[in-house]
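**Student:** Below are the sequence and a predicted model; questions follow.
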Amino acid sequence: MTRPIEERAILVTGATDGLGRAVAAELARRGAAVLLHGRSVERGEQALAELRRATGSERLRLYLADLSRYPRYGDWPRRSSATTSA
């Protein structure tokens, strides 16, 4: 059985711009908890604020990490820095 989107947390990579940002906005509008990934603090915080205003969702959280720096993606959750709570 599939859980409703309101019960899901979804990671969107590249969520500070373009397609990733549009996907994050649509998921937030539908009620998902959205984990925004980006590399730049400035762009990430700007995207987070704009997405909150545009969607009315407070279920957004920003994660900063340059995934190209890690030989294995499995290391990212332990080494990334989470900012701004959901």
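**Tutor:** Happy to help now that I have it.
**Student:** Double-check that Leu27 belongs to a helix.
**Tutor:** Yes - with DSSP: H, G, I helix; E, B strand; the rest coil as the criterion, Leu27 is part of a helix.
**Student:** which residue ranges form the strands in this protein?
**Tutor:** Along the chain, counting by DSSP state E, strands occupy 9-12, 33-38, 60-64, 81-83.
**Student:** The nearest residue to Asp66 once chain neighbours are set aside: what's it in contact with?
**Tutor:** In space, and not counting its chain neighbours, Asp66 is closest to Arg39: 4.8 Å by Cβ to Cβ, 6 or more residues apart in numbering. For glycine as for every other residue, the C-beta is placed from the backbone atoms N, C-alpha and C. With contacts taken as Cβ atoms under 8 Å, 6 or more residues apart in numbering, Arg39 has the following neighbours: Thr16, Leu64, Ala65, Asp66.
**Student:** packing partners for the longest helix seen in the chain?
**Tutor:** The longest helix of the chain (DSSP state H) is helix 41-55. Helix 41-55 is packed against helix 18-29, strand 33-38, strand 60-64, strand 81-83, with contacts defined by 3 or more Cβ pairs under 8 Å, 6 or more residues apart in numbering; DSSP states H and E.
**Student:** need these in JSON lines with mean pLDDT, mean neighbour count and distance to Gln46, can you?
**Tutor:** As requested, the helices and strands packed on helix 41-55 are exported to JSON lines (pLDDT from 0 to 100; neighbours: other Cβ atoms under 10 Å; distance: least, Cβ to Cβ, whole Å):
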{"stretch": "helix 18-29", "mean pLDDT": "97", "mean neighbour count": "17", "distance to Gln46": "10"}
{"stretch": "strand 33-38", "mean pLDDT": "96", "mean neighbour count": "23", "distance to Gln46": "10"}
{"stretch": "strand 60-64", "mean pLDDT": "95", "mean neighbour count": "21", "distance to Gln46": "10"}
{"stretch": "strand 81-83", "mean pLDDT": "54", "mean neighbour count": "12", "distance to Gln46": "13"}
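**Student:** residues of the longest helix of the chain that come out buried?
**Tutor:** Of the residues in helix 41-55, Arg43, Gly44, Glu45, Ala47, Leu48, Leu51, Thr55 count as buried by neighbour count, 16 or more other Cβ atoms under 10 Å.
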